[in-house]
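Participant: Let's see this in three dimensions:
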Amino acid sequence: MSYPLLYEINTRCWLRELSAAAGHALTLADVPESELTGWRDRGFTHIWLMGVWTGGPKARKAALAEAMSRRVYSEVLRDWREEDVAASPYAIADYVVSEELGGDDALAAFRKRLNGAGLKLVLDFVPNHVGIDHRWVKERTELFVQSATQMPETFPVQRAIGTRWVAHGKDPNFPAWTDTAQLDYRNSATRNAMIDQLTLVSSKCDGVRCDMAMLILNDLFARHWAKFPFTESVPEREFWTEAIATVWRVHPDFLFISESYWGLESALQTLGFDFTYDKSLYDELVYHDPSAVTRHLYEESSAAFIESSVHFLENHDEQRAAGVFFPAEHRAVALLILGLPGLRMLHEGQLTGTRTKIPVQLVRRPVEKVDDEVKRIYDLILACLRTSAVGQGRATLLRPRAAWPDNQTWRNFVIVQWQTKPGEFDLVVVNLVPHRCQCYVPLTIPNLASHHWSIRDLLGPERYLRVGADLERQGLYLDVPPYAAQIFHFQPGG
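Facilitator: Residues are numbered from 1 along each chain as shown. From the prediction side, this is the model:
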């Protein structure tokens, strides 16, 4: 099996910078070939263009009106002007590519070139809500959570039957998004309309990243919106079961990625998602809690869950990794998320040490100096992955054991064995702490005792020769430096 390596791009900022470099406005159809070649040469399999859909003037007005947002714009971009602010990419007015990016035709041309380079295109799908500019708000108000009387976090919509108070989209743990209108998934008509929208989107790309996908699970949705009246019969099936099956009937290889939290990831995997965010792993890494990381991977998660998870150190919602991890630690955790089975996600700017988190409403961002040390980390790891079995074939998370009594440092290791062909294999070894650690690790390679094994670190100078019978009897002994990040390649020899 080959696991995806996905690259998230802030489309509006990226295309603006490409245009500035070219000296004239570019659309998605005009993206330089060097961009595609660079992604392919780094080993990416999927490109996520975040923020291609059309927004609207009301959502943009909301983005400019909020005092807290304006403060963030000033912190990020000191000389920002109103023309640097657009509607949020997650307040969608229409699933049509923005004219500023070239429209649907430009996207189709870009996708054709991307596919020709062996890469696939991922776009956003926002199931929970639409932007307040969406035509449905006036034309199909019945699709939204609403009330005949004003309620908290609603806005008025004038209809022939009188004023209806439509709810803004909301995560139950935070204030409402005032640039959005909340769709009502208790309503069969809403579900059908959104399946139609998803089917439309699936004709324009090779996969979708579904924003906050857990918000529309039946039980959660019913509890969250119980105060808003709904008198019709509520569908019993989960929306995702029907929606994913509908798309797969037309596009059998279409990729479904879920942004998901609150321990509902396994439920979404069961409903058909190929990969779901592993936010728990992310949080444990950024909290610098190695015991929680190893407990999550070795005790709390099944192999199937890990293989169906999205592993990441940053994305557009999170802080920049270069500002969270110092270089030695960054190298270790970068190899960890890239060395696990599952979908591996990297974010534009992450590979060069960008430290500024950009609000999604900004279409211009500050230019940052490349962090050469961070760049070397990713250049080396990504180059090694291209020549290794990591991300390909069969992966086994190996549980280390103590090197000797009373040595508890074995608990700080994450070790993954990768094999794509008989007779050779690779071992990802990560030490999560700032001191040396030792362990034995049992290898699960058939006929291990039949050979002596030549071992070399693809990320460093280390070379070893080990007796196969010893490896089979007691395992591989490891004594590694602080924040070790190693890929050992094993082949018969000696």
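Participant: and P127, how many neighbours?
Facilitator: Using other Cβ atoms under 10 Å, P127 is surrounded by 23 other residues. Placement of C-beta: from N, CA and C, glycine included.
Participant: mind checking the SS state of it?
Facilitator: State at P127, reduced to three classes by DSSP: H, G, I helix; E, B strand; the rest coil: coil.
Participant: Give me the distance between the residue nearest to it when sequence neighbours are not counted and S69.
Facilitator: Using Cβ to Cβ, 6 or more residues apart in numbering and skipping the chain neighbours, the partner closest in space to P127 is I216 (5.4 Å). Distance, I216 to S69, using Cβ to Cβ, to the nearest Å: 26 Å.
Participant: still on that earlier bit, and the residue nearest to P127, how many neighbours?
Facilitator: 23.
Participant: ok, now the one 5 residues further on?
Facilitator: Per other Cβ under 10 Å, the neighbour tally for F221 reads 23.
Participant: any idea how far it lies from N187?
Facilitator: Distance from F221 to N187, counting by Cβ to Cβ: 11 Å.
Participant: hang on, F221 packs against Q182?
Facilitator: No. Taking Cβ atoms under 8 Å as the definition, F221 is not a contact partner of Q182, at 9.9 Å.
Participant: Show me the shaky parts of this protein.
Facilitator: 494 (pLDDT under 70).
Participant: Any chance you could spot the residue sitting in the middle of it?
Facilitator: The chain has M345 as the residue nearest its centroid, 5.1 Å off, counting by Cα atoms, centre = their mean.
Participant: Nearest spatial neighbour of that residue, chain-adjacent residues omitted?
Facilitator: Per Cβ to Cβ, 6+ apart, closest to M345 is F312, 4.2 Å.
Participant: need the contact list for that neighbour.
Facilitator: Y277, Y282, E318, I337, R344, M345, L346, H347 (Cβ atoms under 8 Å, 6 or more residues apart in numbering).
Participant: re the thing from before, you'd agree the residue nearest to the centre of the chain is in a strand?
Facilitator: Yes. Using three-state DSSP, the assignment for M345 is a strand.
Participant: Check the gap between it and S88 for me.
Facilitator: From M345 to S88 the distance is 21 Å (Cβ to Cβ).
Participant: cool, L427 as well?
Facilitator: 43 Å.
Participant: ok, these two, which is more surrounded?
Facilitator: More crowded of L427 and S88, by other Cβ under 10 Å: L427, with 27 against 22.
Participant: Does the more buried one have any beta-bridge partners, and if so which?
Facilitator: Q417, F488 (DSSP bridges).
Participant: I'd assumed I487 was in contact with it.
Facilitator: Yes. Contact criterion Cβ under 8 Å: L427 and I487 qualify, at 7.1 Å.
Participant: Need the phi and psi values for R60.
Facilitator: phi -70, psi -40 (degrees, to the nearest 10).
Participant: doesn't E82 make contact with it?
Facilitator: No. R60 is not in contact with E82 according to Cβ under 8 Å; the separation is 9.1 Å.
Participant: Neighbour count for these two, which is higher?
Facilitator: A count of neighbours by other Cβ under 10 Å puts R60 above the other of R60 and E82, at 21 against 10.
Participant: The nearest residue to the more buried one once chain neighbours are set aside: neighbour count?
Facilitator: Distance criterion Cβ to Cβ, 6+ apart; nearest residue to R60, sequence neighbours excluded, is A87 at 4.3 Å. A87 is flanked by 28 other residues according to other Cβ under 10 Å.
Participant: returning to what we had before: what's near enough to touch the residue nearest to the centre of the chain?
Facilitator: Residues near M345 by Cβ under 8 Å, 6+ apart: L6, Y7, E8, W48, V310, H311, F312, N315, I337.
Participant: what kind of secondary structure is the fourth one in?
Facilitator: Put plainly, it is W48. Using three-state DSSP, the structure places W48 in strand.
Participant: ok, what's across the strand from it?
Facilitator: Going by DSSP bridges, W48 forms beta bridges with E8, V122.
Participant: Let me know how buried it is, in neighbour terms.
Facilitator: Neighbours around W48, by other Cβ under 10 Å: 26.
Participant: my read: it touches L5, true?
Facilitator: No. At 11.3 Å, W48 does not count as touching L5 under the criterion of Cβ under 8 Å.
Participant: Any chance you could list what contacts the helix or strand hosting S69?
Facilitator: Using DSSP states H and E, S69 falls within helix 67-76. With Cβ under 8 Å, 6+ apart as the test, helix 67-76 has contacts from 63-64, 80, 84-85, 356-359, 361-362, 365-366.
Participant: Report the distance from the next helix or strand after it to the chain centre.
Facilitator: Following helix 67-76 in sequence order, the next helix or strand is strand 94-97 (DSSP H and E). Its chain's C-alpha centre and that of strand 94-97 lie 22 Å apart, by Cα atoms, centre = their mean, to the nearest Å.
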